[in-house]
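> no sequence for this one, just the structure:
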């Protein structure tokens, strides 16, 4: 076995003499040290030496050493370890080859490995999760978590902190400023001066709408001398429908939104766009965030707000759960389903709770107090929820939910079934007679082959031969076409090709015999199917089974002669009609009319959604090490114990989605409001108060301003979970209105600006970058909603139809361009969009040369610059200086200073004098491209 | 990070590095202080430190590497191992008999067909006498330079899962691809070309997921040269998107970029202590150089006639894959770290195995042999690792009489070049060629071994994302040292 061969390499840790070093180098008492020792030395050793047999599948000797559960069981049941006298544990006797049982059987371990295990036994066999697991055994016994875990900041109730005292009483405009200023003062920092008006306008407009202010908006703001001018701008922007598109997009990142399944087949989600439009609408309507959560997890179970029978909006909202990446061609269907549940747990926990619960699929979370049991409690909720109409088909069928009452949809489906049945009847009518006809002429296959050969090889005259032997001329032509030598010889015709003239008849009859044999089997199969189909059509209780398909490889010659396009015995159109009896033709005509009528009167397809619904209730078991073949104890539907406690009443009816939604969207959940206000803060300040917005756990970063975070969370809930209210508070603070220009003192004292003594300059993201350029040259199409994707399913293996729409080829806002997960547009990849597969709370920002190439060379940017140049030149009455001023105002929202004017005008002039034949349009286009490519444009101060 | 080495590769244009900025002296002290704590986009990588302003700078490996770069020849669809590189006499003797074991999960639901013998003859090649079927007569001439692994094991029974696992280690989730991990770990030595290039990749079965950087920064993503649905003639014109300027002359563009630099410098002067601004200024200089220098790498037609013939560019059958292989050599020669060629979705012979495998092999046999011979003749094989693999092999039982179903349980891949044994066969499947039996090499092990050849410890090449330190090999992976030279 390979593992035996390669293990000497994988373990190469120490030479024998180092045993002493191990013993002394170990941290004397620390539990953490023991776990590290285990991870570093013991786990790899167990993996290489023991788990080949003692794993979750094989469990040799009923011992599984691959995970903590198995180990604990083996420790106790097989008495491997002696708690009283570790040194005389049975495990050590076994690996020491001291008794009857000797392990590993292939040979005694080298001394240094024995020393590792002995050492580990002496430490009390530390294994991550063992402590919690033992504590979990008596369920009602509290104290399963350490004090440190229980007192972790993110799990404490949201506090209502007092406003901190500050020394500078003049600066704070609102309570937010008090918290921010207090931290600054604590660290010896002072706030930066306010940003100038145009900078502030540009910042606010990009933040709320994702496009820059128009020149008119800029001038209007400059002219508005009211002290409430900026407040008015914020209100105007919040009321703009562009707001929902911008902030909806932020949520879509977190919801890993896309329009196809990704993974293997990349099937379209035909109605994903309805969820996207729902999100945009929710932000524009300032839907209370707690309701937004409830609808996305369990909207189908909530009453409709408009007193309709059906909560259409709620159903669409569950697209949040339904639209994840899926491997629908995975043949291990149970695995596929549990991967989907896993993905649903991950998106819910990361986006709404800022927790990484999915880590606990295989073992207790290494860093956060999330137990495997917590994971499977949630898995049970999603396992009791349906995301598929039929997961078991070869390529699983996704669930499409009608947005009409059930009876109406049933009527639609019944009509469709009638149509399908009529189609089967119509097909059968012709097929039955054609099959009989083929039976009647089947015995002449050999004759046709011989005749054909006389034509294509011996230069005989086809029609004459056909007539002389009473063969059908047209059929003979097809036989000749099929049999005559071709560039790619068919293997199934090899014997025929190689037959010497004297052997021809014999070989032909061999082909004939085989043909008859396959024909009998095939006709038997098809007739048996037809019988069942007709019986079921009459009976009406079950849909007819799918028509059998002839697998070409079963008999390629038969396939070529009977089934293939243009096959000698395939009859279509006129050829078919000639065979059919006149009365059959009449029947066909009648059935055709009936079918047409049926189709004509059938109701159109009702509106549908990609959504989830309640499924069969599953008694979810813990899967040991994430392996669904090894089921552990039952995991009742409860919520993570570190927050919800051990004393929970499990959900026993329904999937538990509604209960989960209510538990998350509760004012007392310590995470929900904190996570969301932090997301809002982050999108205004570039960084969150917690800089890992989707991970409030131990590996995340602690809040820089914990009191501010709690203060905001409290206000958020108090003001009915209004997101727009948060924007107002944040944007009207002086903290938000500071300049982003850093001074040396502040930069040295606080290089990453965690104490917010200045505003964070940020780069435009790809949506802003692209949409802005389209807005600046006025080509943008601000139509809202709907879809640009059509069709169902997937496309040819390497067809261009598999690509997402290129954002450079459309003028709609980017948020409306459908995303095929498997092939996102290269432009999005280039500018750090993310993968639309995992919940993304913060996009990375990279700077690479290909991004510059896009600005320099793409037709998209070139065209924007050309349009802008044309618009400037169309203003006949303007001087070049006025043109330049307008260009700066449009692109950069700034009034150029004298230096800009000088530099710009001499460039435009210089371009023309330097390059022969350069037109004013060329020069201005070049200048406009410079502005679009400039740092001034791509960074927001 | 190895600064000296990094700077050595920067040549004339220096992308902004902390040291580089300091040396330039243009931005003064504040810049350095800021640079050292510049964590706006600081990678939260656990062990690879890279500067988001210059993510592709060369980084030192964990230990002395055997291979500097990789060429991955991917046979999409799943070529049959037992008809190509692993001879199974048992199948000859038992042709037509029922499968003696319970068939593991296959792609097709139907009952397994009978055992089917290899449809081609196997003959020994080279001095090592390794058996290769008549599907690959040219490759057979190169066996003395090759290292066969007959015991590959994957988990995906369908193409999507199998491709994803071959390239990212997982058959289910979206994770960074092998090439992305390699460039993340090592950077790249030629800043004028992307570090990871995939030539005519498949759009199906995960598409870009198979060359994506997933949660790693986008700069580690594979750069596609066209896609499998396009002809070479469609791709040649602008192999890399936005690389060619069509609107301006080079002088005009230089004039424009000089002005852009002035505009940006003025902007930066008023906004001190932000190294991103300077980094972006440099990125335009780098881009301009890239645009001037990169196209030359794609001028395959400039190769001598003899070379083009060696790769089969003169024959329509081999011209497409020959172009891919020759381009791969040119890119490798220019220090592109990871290059992939794809023969897309042709090898999936559920039926008509004989005719279709004949056709497929004819398209790639000569180009592959040409690549190996050419690399050797140029002395590049010593530092280039060539990998040939499909996403799985095919079953020893027939499907529908003249095809074979998917088999990820035991199949053959081969490697050649830097650091692997030559004329060597490793591992084996069981008698019938269904399950890997001797020296099983799981895809995780394969990845661990490839990283090892490149001087990296797969357990140390990690990236922290979403509260976890991720690895290419997840929690598994063994380096199979027995195949190392």
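That came through, no problem. Note that the structure is predicted; figures quoted are calculated from it, not measured.

> Counting neighbours, what do you get for residue A:112?
Counted with other Cβ atoms under 10 Å in any protein chain shown, residues neighbouring residue A:112 total 19. For the C-beta atoms, the positions are set from N, CA and C on the backbone; glycine is no exception.

> Run through who's touching stretch A:884-895.
For stretch A:884-895, the surrounding residues in contact (Cβ atoms under 8 Å, 6 or more residues apart in numbering or on different chains) are A:198-199, A:201-202, A:205, A:212-215, A:218, A:776, A:868, A:872, A:875, A:878, A:896, A:900-901, A:904-905, A:908, A:924, A:927-928, A:931-932, A:934, A:936-937.

> can we see that at 7 Å?
Outside stretch A:884-895, the residues within contact range by Cβ atoms under 7 Å, 6 or more residues apart in numbering or on different chains are A:198, A:201-202, A:212-213, A:215, A:218, A:776, A:868, A:872, A:896, A:900-901, A:904-905, A:927-928, A:931-932, A:936-937.

> Give me the subset of the residues you listed lying in helices.
Cross-referencing the contacts of stretch A:884-895 against helices under DSSP state H gives A:198, A:201-202, A:215, A:218, A:776, A:868, A:872, A:900-901, A:904-905, A:927-928, A:931-932, A:936-937.

> from chain A, which residue is nearest to chain B?
Closest residue of chain A to chain B, Cβ to the nearest Cβ: residue A:264 (1.9 Å).

> Verify the contact between that residue and residue B:206 for me.
Yes: here residue A:264 reaches residue B:206: they are 6.3 Å apart, a contact under Cβ atoms under 7 Å.

> before we move on, back to that, tell me how far the residue of chain A closest to chain B lies from residue A:469.
53 Å (Cβ to Cβ, to the nearest Å).

> Same drill for these two, tell me which one is more crowded.
Neighbour count, other Cβ under 10 Å: between residue A:264 and residue A:469, residue A:264 has more, with 30 against 14.

> Three-state assignment for the residue nearest to that one when sequence neighbours are not counted, please.
Of all residues not flanking residue A:264 in the chain, residue B:160 sits nearest, at 1.9 Å (Cβ to Cβ, 6 or more residues apart in numbering or on different chains). The local conformation at residue B:160, judged by DSSP: H, G, I helix; E, B strand; the rest coil, is helix.

> Can you tell me which residues in the stretch 601-750 of chain A are near chain B?
Residues of the stretch 601-750 of chain A that fall close to chain B, judged by Cβ under 7 Å from any Cβ of the partner chain: A:694, A:695, A:697, A:699, A:700, A:741, A:742, A:744, A:747, A:748.

> ok, now with 6 Å
By Cβ under 6 Å from any Cβ of the partner chain, the part of the stretch 601-750 of chain A that sits against chain B consists of A:695, A:697, A:699, A:741, A:742, A:744, A:747, A:748.

> Take those and keep only those in helices.
Short answer: these in helices (DSSP H) are A:744, A:747, A:748.

> Now do the shared contacts for residue A:264 and residue B:206.
By Cβ atoms under 6 Å, 6 or more residues apart in numbering or on different chains, residue A:264 and residue B:206 have these common neighbours: residue B:160.

> for chain B, which helix is longest?
Longest helix of chain B, by residue count under DSSP H: helix B:353-377.

> Adding neighbour count, pLDDT and distance to residue A:174, write the residues of the stretch 601-750 of chain A next to chain B out as TSV.
Formatted as TSV, these follow (neighbours: other Cβ atoms under 10 Å in any protein chain shown; pLDDT from 0 to 100; distance: Cβ to Cβ, whole Å):
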residue	neighbour count	pLDDT	distance to residue A:174
A:695	25	93	29
A:697	24	92	31
A:699	18	82	33
A:741	19	92	23
A:742	24	89	24
A:744	14	88	29
A:747	21	88	27
A:748	15	88	29
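
> Residue A:866: what secondary structure?
Recorded secondary structure, residue A:866: helix (three-state DSSP).

> and if you look at residue A:853?
The three-state assignment at residue A:853 reads helix, by three-state DSSP.

> what does the stretch 101-250 of chain B put close to chain A?
B:105, B:157-158, B:160-161, B:172, B:174, B:203-209, B:214, B:217-219, B:221, B:228-229, B:241-242, B:245, B:247.

> go again using 7 Å as the cut-off
Checking the stretch 101-250 of chain B against chain A by Cβ under 7 Å from any Cβ, the hits are B:105, B:107, B:109, B:151, B:157-161, B:172, B:174, B:202-209, B:212, B:214-215, B:217-219, B:221, B:227-229, B:241-245, B:247.

> could you flag which of these are buried?
If you count burial by 16 or more other Cβ atoms under 10 Å in any protein chain shown, the buried members of these come out as B:107, B:151, B:157-161, B:172, B:174, B:202-209, B:212, B:214-215, B:217-219, B:221, B:227-229, B:241-243, B:245, B:247.

> In the stretch 751-900 of chain A, what residue spans correspond to helices?
Assigned helices in the stretch 751-900 of chain A, in chain order: A:766-776, A:826-830, A:849-857, A:859-874, A:880-892, A:898-914 (criterion: DSSP state H, counting those that start in this stretch).

> And chain B, by the same measure?
Secondary structure of chain B, counting by DSSP H: helices at B:3-8, B:18-24, B:28-36, B:89-93, B:137-140, B:159-168, B:178-186, B:232-236, B:250-269, B:275-297, B:305-310, B:316-333, B:353-377, B:443-453.

> does chain A sit close to the longest helix of chain B?
Yes: against chain A, helix B:353-377 shows contacts by Cβ under 7 Å from any Cβ at B:354, B:355.

> same for that helix, what does it pack against?
Other helices and strands packing on helix B:353-377, by 3 or more Cβ pairs under 7 Å, 6 or more residues apart in numbering or on different chains; DSSP states H and E, are helix B:137-140, helix B:305-310, helix B:316-333, strand B:384-390.

> residues contacting residue A:483?
Residues in contact with residue A:483, defined by Cβ under 7 Å, 6+ apart, are A:449, A:452, A:453, A:456, A:493, A:496.

> For PyMOL, write a command that selects the buried ones of those residues.
Here is the PyMOL command that selects the buried residues among those (16+ other Cβ under 10 Å):
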select buried, chain A and resi 449+452+453+493+496
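
> any idea which helix or strand comes after the least confident helix or strand in chain A by mean pLDDT?
Every helix and strand of chain A was ranked by mean pLDDT, DSSP states H and E. The lowest is helix A:19-25, at a mean of 34. Using DSSP states H and E, the helix or strand that follows helix A:19-25 in sequence is helix A:31-37.

> list the helices and strands whatever helix or strand comes next after that next one packs on?
Later in the chain than helix A:31-37, the nearest helix or strand by DSSP H and E is helix A:43-49. Counting contacts by 3+ Cβ pairs under 7 Å, 6+ apart, helix A:43-49 packs against helix A:2-10, helix A:111-122.

> How far does helix A:43-49 sit from its chain's centre?
Helix A:43-49 has its C-alpha centroid displaced from the chain centroid by 34 Å (Cα atoms, centre = their mean, to the nearest Å).
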